[in-house]
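S.K.: Everything below, folded, please.
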Amino acid sequence: MASQKESKGKQDDSAMEAEKQPTKSHQEEAKHVDADQDESSPEVDSLVEVLHGDVTEIEADTAIESIDVWVNFLKGHKEENVKELSASLKELKKLLKGKKSEASEIAEVLEQLGEQTTAIGDDSGKGIKGP
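M.R.: Have a look, this model is predicted:
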């Protein structure tokens, strides 16, 4: 027969193990959130990877396709800063399609996009409403 100390120790170990395991509802919620992100949001990781590389090596058609994905994703958002971001993306697309676009014009829009995404990220703690 196990002593009271051994029984208590086993109970404590079981309780600690149970605390480490996420509850079923948390697991289901995490799966639901992941599924929502997979279905509706553009692949952020691949975009970050591209942007950390040499952006001058990106084909214009590839960049335009990516811009279209993001513009479609942002469509319908009510926040003014999200609308401005979408407008800047459309401006970048126009410049990339243009035959006479200057690198300085593209750089200016890219800088503006960076500032806008930073501002949106800063505001995200306040809660941005979706479409």
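
S.K.: Could you use CA atoms for every contact and neighbour count after this?
M.R.: Will do.

S.K.: Please name the nearest non-neighbouring residue to Ile64.
M.R.: Leaving aside its chain neighbours, Ile64 sits nearest to Lys93 (5.8 Å; criterion: Cα to Cα, 6 or more residues apart in numbering).

S.K.: Contacts only, for the one you found.
M.R.: If a contact means Cα atoms under 8 Å, 6 or more residues apart in numbering, then Lys93 has Ala63, Ile64, Ile67 as its contacts.

S.K.: Name the helix or strand for the first one, please.
M.R.: The one in question is Ala63. In this assignment (DSSP states H and E), Ala63 forms part of helix 60-74.

S.K.: May I see the buried residues of the helix or strand just after that helix?
M.R.: The C-terminal neighbour of helix 60-74 among helices and strands, as given by DSSP H and E, is helix 80-97. Of all the residues in helix 80-97, those buried under the rule 16 or more other Cα atoms under 10 Å are 81-83, 85-86, 88-93, 95-96.

S.K.: Point out where this protein drops to low pLDDT.
M.R.: For the chain, the stretches with pLDDT under 70 are 1-41, 51, 126-131.
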